[in-house]
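Asker: coordinates only, sequence not included:
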């Protein structure tokens, strides 16, 4: 009888152990929710922390240039596509609000936004006037002509500086021109580079790394700043 009880106890213990095995299994790891990575769709471009400075070449070109919509390379001109670009205004406002470090509501000049979007990233080419390559004074000329209707701006940055009404740096408004000396070793610090002022110390220009937006408070541009100018024909800038 005692042996029978021992056998029953042994069988019962085995059954209990078998039924409780799952208790000792590690809990199955839950599948980790995959994180959706936001991919750049080309609508937003961020300013690089490192930019090539426009030094080492003086703007002495006297190549001819025509206003806005003549493109000898057969590319669609800015004026040909400006209406289509303005249809994408919310995306442009978001893109350039990032680049100009401002609110979307501040960007109330759609023609300027679509112009910058059209030319942004165009490579620098000394004497160039097309999207295959453009230099700083040609870019300033085309922007002022296309966006503000200014048709009297000379071709070179030095001549543009001389043609402007000179203004203090703290009075800069959208559409004013900013001038720099970008050559090392020159005894007389004359104008060799030009950009168009936007807001928040930002200006757009054709640097040697291409058409881009830079900050005037950047050490390089701050040290090489020559002066600012306002074209008499330029409308009062947007607030």
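Answerer: That came in fine, so what should we check first? Quantities reported herein were computed from a predicted structural model and do not represent experimental measurements. Numbering: from 1, shown residues only.

Asker: for the rest of this, base every contact and every neighbour count on C-alpha atoms.
Answerer: Will do.

Asker: and the stretch of helix or strand residue 115 belongs to, what does it pack onto?
Answerer: According to DSSP states H and E, residue 115 maps onto helix 110-119. Under the contact criterion of 3 or more CA pairs under 8 Å, 6 or more residues apart in numbering; DSSP states H and E, the helices and strands touching helix 110-119 comprise helix 78-87, helix 89-100, helix 136-148.

Asker: and these as CSV, adding mean neighbour count?
Answerer: Below are these laid out as CSV (neighbours: other CA atoms under 10 Å):
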stretch, mean neighbour count
helix 78-87, 16
helix 89-100, 18
helix 136-148, 24
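
Asker: is it possible to get TSV of these that adds distance to residue 123?
Answerer: Below are these laid out as TSV (distance: least, CA to CA, whole Å):
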stretch	distance to residue 123
helix 78-87	16
helix 89-100	18
helix 136-148	11
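
Asker: residue contacts, the nearest residue to residue 94 once chain neighbours are set aside?
Answerer: Closest residue to residue 94 in three dimensions, ignoring its sequence neighbours and counting by CA to CA, 6 or more residues apart in numbering: residue 104, at 6.0 Å. For residue 104, the residues meeting the contact criterion (CA atoms under 8 Å, 6 or more residues apart in numbering) are 93-94, 97.

Asker: and the lowest mean pLDDT element among the helices and strands of the chain?
Answerer: Among the helical and strand segments of the chain, the one scoring lowest on mean pLDDT, DSSP states H and E is helix 2-19, with a mean of 45.

Asker: just want the angle from the helix holding residue 115 to helix 136-148.
Answerer: Here helix 110-119 runs at 140 degrees with respect to helix 136-148, directions being taken by axes from the mean of the first three to the mean of the last three CA atoms, to 10 degrees.

Asker: what comes up buried for helix 110-119?
Answerer: Buried residues in helix 110-119, counting neighbours by 16 or more other CA atoms under 10 Å, are found at 110-119.

Asker: check stretch 223-231 too.
Answerer: Applying a neighbour-count criterion of 16+ other CA under 10 Å, the buried positions in stretch 223-231 are 224-231.

Asker: what ranges of this protein fall below the confidence cut-off?
Answerer: Flagging of the chain using pLDDT under 70 yields the residue ranges 1-88, 185-188, 233-239.

Asker: kindly recompute the last result at 50.
Answerer: Scanning the chain for pLDDT under 50 picks out 1, 5-6, 8-52, 55-56, 70-76, 236-239.

Asker: these two touch, right, residue 202 and residue 216?
Answerer: Yes: the pair residue 202 / residue 216 is scored as a contact, 6.1 Å apart, by CA atoms under 8 Å.

Asker: so for stretch 212-219, what gets flagged as buried?
Answerer: For stretch 212-219, the neighbour count (16+ other CA under 10 Å) marks 212-216 as buried.

Asker: hmm, who's touching it?
Answerer: Contact with stretch 212-219 is made by 47, 99-100, 120-121, 201-206, 221-222, as judged by CA under 8 Å, 6+ apart.

Asker: got those as JSON lines, with secondary structure and distance to residue 137 columns?
Answerer: Supplementary listing: the contacts of stretch 212-219 in JSON lines, determined by DSSP: H, G, I helix; E, B strand; the rest coil; distance: CA to CA, whole Å:
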{"residue": "47", "secondary structure": "coil", "distance to residue 137": "22"}
{"residue": "99", "secondary structure": "helix", "distance to residue 137": "22"}
{"residue": "100", "secondary structure": "helix", "distance to residue 137": "21"}
{"residue": "120", "secondary structure": "coil", "distance to residue 137": "15"}
{"residue": "121", "secondary structure": "coil", "distance to residue 137": "16"}
{"residue": "201", "secondary structure": "coil", "distance to residue 137": "19"}
{"residue": "202", "secondary structure": "strand", "distance to residue 137": "17"}
{"residue": "203", "secondary structure": "strand", "distance to residue 137": "14"}
{"residue": "204", "secondary structure": "strand", "distance to residue 137": "12"}
{"residue": "205", "secondary structure": "strand", "distance to residue 137": "9"}
{"residue": "206", "secondary structure": "strand", "distance to residue 137": "8"}
{"residue": "221", "secondary structure": "helix", "distance to residue 137": "17"}
{"residue": "222", "secondary structure": "helix", "distance to residue 137": "19"}
